[in-house]
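Colleague: build the 3D model from these lines:
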Amino acid sequence: MHHDREIGFPDKLKVTYRPPHSNNIIDFSEIYGDQTYGPRKITYKFNIADRAIRTKEEMNIVKTKLANWLMPLVGQHPLYDDNYPDWYFLAEVEDGMNFKEDWRYGYLSFRFLCHVTRYITTSPS
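Modeller: Alright, predicted model coming up:
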């Protein structure tokens with residue numbers, strides 16, 4: 001199974017105000033001491049190829065099993081990625097799940113919305 005991933009960085013949440021009749025912009029983003037950030041987005045894309053998939057019905061079964069595995073969880077849960085072996089993200093699939101099929105192959109993509117920070121899995125030495 002071939003896969004691809006895109007692990008993004010969180011966006012800054014800017015809180016600005018432009019007074020009337022002025023060219024100045026006032027930035028309130030750090031009014032409480034720290035810059036705030038939006039959720040981190042992680043997207044995975046999989047090419048699902050299986051010799052056992054011979055019909056459209058079998059492809060729909062695989063698609064349904066994958067959706068049932070990813071979508072029912074409520075709240076953020078640990079997400080481990082091989083590219084970050086000592087870290088994990090708190091993540092939830094909220095939207096962005098897409099499935100395209102081409103006879104015996106299925107192309108699944110889904111997006112996790114994650115907490116801004118990564119968490120370490122082991123205690124530092």
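Colleague: report the central residue of the protein.
Modeller: residue 112 (2.2 Å; Cα atoms, centre = their mean).
Colleague: and residue 52, what element?
Modeller: Here residue 52 sits in a region with no helix or strand, counting by DSSP states H and E.
Colleague: same thing with the one 10 residues further on?
Modeller: Using DSSP H and E, the element containing residue 62 is helix 56-70.
Colleague: for the record, mean pLDDT for that helix?
Modeller: The average pLDDT within helix 56-70 is 83.
Colleague: list the contacts of that helix.
Modeller: 48, 50, 52-53, 93, 97, 99, 101, 104, 106, 108, 110 (Cβ atoms under 8 Å, 6 or more residues apart in numbering). From N, CA and C alone the C-beta is placed, and that goes for glycine too.
Colleague: change it to 6 Å
Modeller: With contact meaning Cβ atoms under 6 Å, 6 or more residues apart in numbering, helix 56-70 is reached by 53, 93, 99, 101, 106, 108, 110.
Colleague: these in helices, which ones?
Modeller: With helices taken from DSSP state H, there is no overlap with the contacts of helix 56-70.
Colleague: which pair of these spans the longest distance?
Modeller: Using Cβ to Cβ, the two most remote members of these are 53 and 93, lying 22.8 Å apart.
Colleague: buried residues in the helix holding residue 62, which are they?
Modeller: Using 16 or more other Cβ atoms under 10 Å as the test for burial, helix 56-70 gives 59, 62-63, 66.
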